[in-house]
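Visitor: Show me how the following folds:
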Amino acid sequence: MLIKQTIKAVPMHGGKDYYGNGAIGGDKLGIVTVGTGQTKRPAKKPVYLYDADTMKQLKVRWSTETGNYLFRCLNPDKCYLIMVRDPEKAYKNPFVWDWIPPDTSLSFDEQAELAQQIYG
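Guide: Now for the predicted structure:
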């Protein structure tokens, strides 16, 4: 059973300019993976969120063991850069996605439910 919760405005490092009804998480449940081909598997890694225009770091969120992550309550009028790094240094090239607009198809409550599914 999902726990429904109300989202309150929690500013990120960028403050109120970055708050809104958008979310980024790949295809709703973004998946962080490592390896290639048959060795490709989900991974728990830090996922960094930046303002694509200014390159200001806004938030860091760890993906779960299943590779899922979610950034929620984002300003839908901005685009973002997402970067995943490997702190163990096994993979030298970070994965980067640039100019990502937030998805606005989920309400605040739906974002909260999705976050509950991902992070418990």
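Visitor: Please name the bridge partners of Val96.
Guide: Met83 (DSSP bridges).
Visitor: Please report how far it lies from Ile24.
Guide: For Val96, the distance to Ile24 equals 13 Å [C-beta to C-beta, to the nearest Å]. Where C-beta positions appear, they are placed from N, C-alpha and C, glycine not excepted.
Visitor: Tell me who's in contact with Ala23.
Guide: Contact analysis of Ala23 by C-beta atoms under 8 Å, 6 or more residues apart in numbering lists Leu70, Phe71, Arg72, Cys73, Leu74, Pro102, Asp103, Thr104, Leu106, Gln111, Leu114.
Visitor: For it, name its beta-bridge partners.
Guide: Bridge pairing for Ala23 - DSSP bridges - gives Asp103.
Visitor: circling back to that earlier point, of Val96 and Ile24, give the one with the bigger neighbour count.
Guide: More crowded of Val96 and Ile24, by other C-beta atoms under 10 Å: Ile24, with 21 against 12.
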